[in-house]
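Enquirer: need a structure here:
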Amino acid sequence: MTTNLVTLNIQDNGVAQVTLNRPDKLNALNLDMFKAINKTISLIDNNKRIRVVILSGAGEDFCSGLDIKSVMSRPINAIKLLFKWLPGNRNLAQKVTNEWRKLNIPVIAAIHGRCWGGLQIALGADFRIAHQDASLSIMESKWGLIPDMAGNTQVRKLMPIDQAMKLTMTAEVLTAEQALQYNLLTEVTDDPLDRANQLALSLIEKSPDVLAAIKKLFNDNWNGSERALFAKESWYQVKILAGKNQSIATKKALGKDATYKNRGNW
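Expert: Predicted coordinates:
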C-alpha cells in the first residue's frame, strides 16, 4: 500500500517496509504526515501476517523533525496535533511514537542522514540502527519547544537523568557514535537498511507469539515490581505453551520443516 507521505510494502515473508516519504522536505512532519504515520500503524496492527516492521526515510534524511512553518502557521493545525480529551491520553503527536511500541511485533528503525526532531519517532522503535554518518538530536528546545511526542518515555529508560536533561536543554547534535554511547542507538553500521533486514530475517525465524510476549513483558514490566514481573512471566509462558506456535518452534529447532501460524492476541 502506498500513500503520498508514507509507504507500506509488505513482503511475502511478513516483513513490512515503512518509509517516510517526503524527501523534498527532509521528511519533516506536517499534519498530514502525522495522520499518515498513525494510519499506517493501524493498518499494520490489524494485519496478523506482518512479523516485523522496518521503518526508514526516503531521500537524504530519516526525518529532520517538525515542519514548524506548516504546523505553526495555522493555529488549527497545532490544535489538531495536540488535542486530547484527557491530559493523560495520547494526542496525535504522541501516537506516532508511542503506537510503534504498542504493536505486538518488533519494530526496527533504520536511520540515516538527519534524525533530529524525528528522533522522537525513532525512539518508538524497539531497535535503532544508524548509519555511521547520521546525526541525531533532541532539537525541540532550539525552536522554543519541549519534546512532547512521547519519546521521553523511552529516554528515561535509556539514559541517566542528567545526561537526558543536558541533551534536551541544549539541543546538541550528536554523531552516531555519540548517540550509541548515550544508549540512544542499538547499533551503528555503514548500511543500516541492510542490517535492519538482516535482523528482521533472524527475528522471523522465531515464534511470533514469543516475540510478542517478550516485547510486552519488557515494555510493561521493565521498571515494575518483581512480583508483577514474575506473574507476567508465568502467565505468558502458559499462554505460549497452549498455542500452536510453540510446537512449531520446537520442530524448527530440531531441523524439521515447519511454518509458523499467525500470532495470537497479546
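Enquirer: not counting residues beside it along the chain, what's closest to the residue nearest to the spatial centre of the chain?
Expert: Geometric centre of the chain, nearest residue: Ala125, 2.0 Å, by C-alpha atoms, centre = their mean. The shortest distance from Ala125 to any residue other than its chain neighbours is 3.7 Å, reached at Ala109 (C-beta to C-beta, 6 or more residues apart in numbering). Heads up, the C-betas are built off the backbone N, CA and C, glycines and all.
Enquirer: report the beta-bridge partners for that neighbour.
Expert: Counting by DSSP bridges, Ala109 is bridged to Leu55, Arg128.
Enquirer: I'd say it and His131 touch.
Expert: No: judged on C-beta atoms under 8 Å, Ala109 makes no contact with His131 at a distance of 11.7 Å.
Enquirer: out of those two, which sits in the busier spot?
Expert: Ala109 (30 against 20; other C-beta atoms under 10 Å).
Enquirer: so who does that one touch?
Expert: For Ala109, the contacting residues are 55-56, 62, 121-122, 124-125, 127-129, 196, by C-beta atoms under 8 Å, 6 or more residues apart in numbering.
Enquirer: report the contact partners of Trp143.
Expert: 66, 68.
Enquirer: hey, where'd the strands end up in the stretch 1-150 of the chain?
Expert: 6-10, 15-20, 52-57, 107-111, 114-115, 127-131, 135-136 (DSSP state E, counting those that start in this stretch).
Enquirer: among those strands, which comes closest to Lys215?
Expert: Of all the strands of the stretch 1-150 of the chain, strand 107-111 sits nearest to Lys215, with 8.9 Å by C-beta to C-beta.
Enquirer: just to revisit the earlier point, distance of the residue nearest to Ala125 from Ile44?
Expert: Remark: distance between Ala109 and Ile44 (C-beta to C-beta, to the nearest Å) = 14 Å.
Enquirer: do Trp266 as well
Expert: 14 Å.
Enquirer: who's more crowded, those two?
Expert: Neighbour count, other C-beta under 10 Å: between Trp266 and Ile44, Ile44 has more, with 19 against 16.
Enquirer: and that one, what is it in contact with?
Expert: Counted by C-beta under 8 Å, 6+ apart, Ile44 has contacts 8, 16, 18, 50, 53, 103, 105.
Enquirer: closest to Tyr260 out of the strands of the stretch 1-150 of the chain?
Expert: That would be strand 52-57 among the strands of the stretch 1-150 of the chain, by C-beta to C-beta, at 12.4 Å.
Enquirer: good, we can wrap up now.
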